[in-house]
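A.B. asks: for reference, the sequence and a predicted model appear below.
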Amino acid sequence: MKIQRVQYVTVLWTPAITAFPEQGLSPTNYGWHVDNNILKPTWFEGPAIPNSLFTNDDENLEEMEEDLDSDCEEALKKEPLKKEPPMN
């Protein structure tokens, strides 16, 4: 949505030297909406985060933990942790 608003401003300012630069543009086509006669930005459409993050399914949780564990193991194989000398 922000990119659409940026595009709107760009299109609006491109012919700024003409008498009617906004002619034919509608902000509601560029990431804005009207709320109580006030123009407000539309932040995003659709879910903010995937539904899988809201699941209470233990099987799905275990699968995600296993994936994370295997990713960590692979990362450690590529670059093992460096041991710091003990502080005196």
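C.D. replies: Looks like it came in fine.

A.B. asks: rest of the way, CA atoms for contacts and neighbours
C.D. replies: Will do.

A.B. asks: quick one: the strands in the protein?
C.D. replies: Residue ranges of the strands in the chain, as given by DSSP state E, are 32-35, 38-41.

A.B. asks: any chance of the ones you listed in JSON lines, plus mean pLDDT, distance to Ile49 and mean neighbour count?
C.D. replies: Formatted as JSON lines, the entries for the strands of the chain read as follows, by pLDDT from 0 to 100; distance: least, C-alpha to C-alpha, whole Å; neighbours: other C-alpha atoms under 10 Å:
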{"stretch": "strand 32-35", "mean pLDDT": "89", "distance to Ile49": "21", "mean neighbour count": "14"}
{"stretch": "strand 38-41", "mean pLDDT": "90", "distance to Ile49": "19", "mean neighbour count": "13"}
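
A.B. asks: which one of the ones you listed lies closest to Val9?
C.D. replies: strand 32-35 (11.6 Å; C-alpha to C-alpha).

A.B. asks: between the two ends of stretch 33-51, how far is it?
C.D. replies: By C-alpha to C-alpha, to the nearest Å, the extent of stretch 33-51 from end to end equals 26 Å.

A.B. asks: what's in contact with that stretch?
C.D. replies: The contact list for stretch 33-51, computed with C-alpha atoms under 8 Å, 6 or more residues apart in numbering, reads Met1, Lys2, Arg5, Pro27, Thr28, Gly31, Trp32.

A.B. asks: residues near Ala19, how many?
C.D. replies: 8 (other C-alpha atoms under 10 Å).

A.B. asks: what's the separation between it and Tyr30?
C.D. replies: Counting by C-alpha to C-alpha, the gap from Ala19 to Tyr30 is 22 Å.

A.B. asks: Thr18 now?
C.D. replies: Using C-alpha to C-alpha, which is the criterion applied here, Thr18 is 21 Å from Tyr30.
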